[in-house]
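>>> sequence first, predicted coordinates after that:
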Amino acid sequence: MEKKGRVEMMKVYHLWLLLLALLQISTPSSALNTSSSPTNTSAPNLAVLEYRTRPADVRVAVGEPAVFHCGVPETSPNLTLTLYSSHGNYSLTCPQGHMEDIPQALYGSCEVKKGESLAVWTIKGTSFSDNGTRVECQQSNNPDKRVAVLRVYDNGTNHAILIGCVIGGFFGMLLVVVLLYITLQRSETFQECFSKYTN
């Protein structure tokens, strides 16, 4: 019985998270970078076809941000970081510096730091529907792909907040009823109105 109640509570919680996500959605956009750059037809230099920062699996609690990084040497060709999620698939190509907000609280950016071209996807607030989101890093002219996966878990703090709100709401309503009763009991107009029915 306890397991069934927990499953129902998770369903209600999931619905609330979806509602909150819907409230945060702005106008739809796409982070697919369509700009093109001149291609090099000569054989690629294997020294620059390496990953300096490899995407790593990320494990976060519900509501926490998740960040995926992938970096290559600054002298290497383009780098594409693709995010595959239940909300859609989005690609970010660097080093053009392409940045764009995506509806599902997703932010992509390109940076150059210490001789490294870095692509970054940030999920600003994770939900259970983000669980299993996959990020794939692909350097042009390099058949080697790097993949990372997002795992979202429930740390229980959200249930504590929900329980606190319910208890606070109950005592707030109780306080309103008691104050209303005291006010009406002292009101002469109220007493005159109901004295006709009690006699």
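Sure, I can see it.
>>> going by C-alpha atoms from here, please, whenever you check contacts or count neighbours.
Noted.
>>> and the contacts of stretch 72-79?
Identification of contacts with stretch 72-79 by CA atoms under 8 Å, 6 or more residues apart in numbering yields 48-53, 71, 93-95, 112, 115-119, 137-141.
>>> where is the longest helix in the protein?
For the chain, the longest helix by residue count, based on DSSP state H, is helix 157-186.
>>> among the contacts of stretch 72-79, which ones are in strands?
Counting by DSSP state E, the contacts of stretch 72-79 place 71, 93-94, 112, 116-119, 137-139 in strands.
>>> got any ranges where the protein has weak pLDDT?
Counting by pLDDT under 70, the ranges of the chain that qualify are 1-10, 12-49, 77, 95, 97-104, 157-158, 196-199.
>>> now the helices for it?
In the chain, the helices defined using DSSP H lie at 2-24, 157-186, 188-198.
>>> pull out the buried residues from the contacts of stretch 72-79.
Buried by 16 or more other CA atoms under 10 Å: 48-51, 71, 93-95, 112, 116-119, 137-141, out of the contacts of stretch 72-79.
>>> do me a favour and get the end-to-end distance for stretch 112-119?
In stretch 112-119, first residue to last residue: 9 Å (CA to CA, to the nearest Å).
>>> residues in contact with it?
52-53, 69-75, 79-81, 92-95, 108-111.
>>> try stretch 134-153
For stretch 134-153, the surrounding residues in contact (CA under 8 Å, 6+ apart) are 44, 49, 54-62, 66, 68, 70, 72, 77-85, 126-128, 130-133.
>>> got the buried residues for that stretch?
Of all the residues in stretch 134-153, those buried under the rule 16+ other CA under 10 Å are 134-141, 146-152.
>>> now the two most distant members of these.
Among the buried residues of stretch 134-153, the pair separated by the greatest distance (CA to CA) is N141 and V152, at 33.1 Å.
>>> Q96 versus C137, what's the distance?
The gap separating C137 from Q96 is 16 Å, by CA to CA.
>>> what do you get for A160?
44 Å.
>>> who's more crowded, these two?
Relative neighbour count places Q96 above the other of A160 and Q96, with 17 against 10, counting by other CA atoms under 10 Å.
>>> you'd agree the more buried one is up against C110?
Yes: counting by CA atoms under 8 Å, Q96 touches C110, with 7.3 Å between them.
>>> contacts only, for E50.
Counting by CA under 8 Å, 6+ apart, E50 touches 72-73.
>>> now do 7 Å
V72 (CA atoms under 7 Å, 6 or more residues apart in numbering).
>>> swap in G71?
Counting by CA under 7 Å, 6+ apart, the residues that G71 touches are 51-54, 116-119.
>>> which residues pair with it across the strands?
Per DSSP bridges, the residues bridged to G71 are T53, L118.
>>> if I look at it, how far off is G115?
10 Å.
>>> swap in Q138?
Remark: distance between Q138 and G115 (CA to CA) = 18 Å.
>>> repeat for N78
Counting by CA to CA - N78 and G115 are separated by 14 Å.
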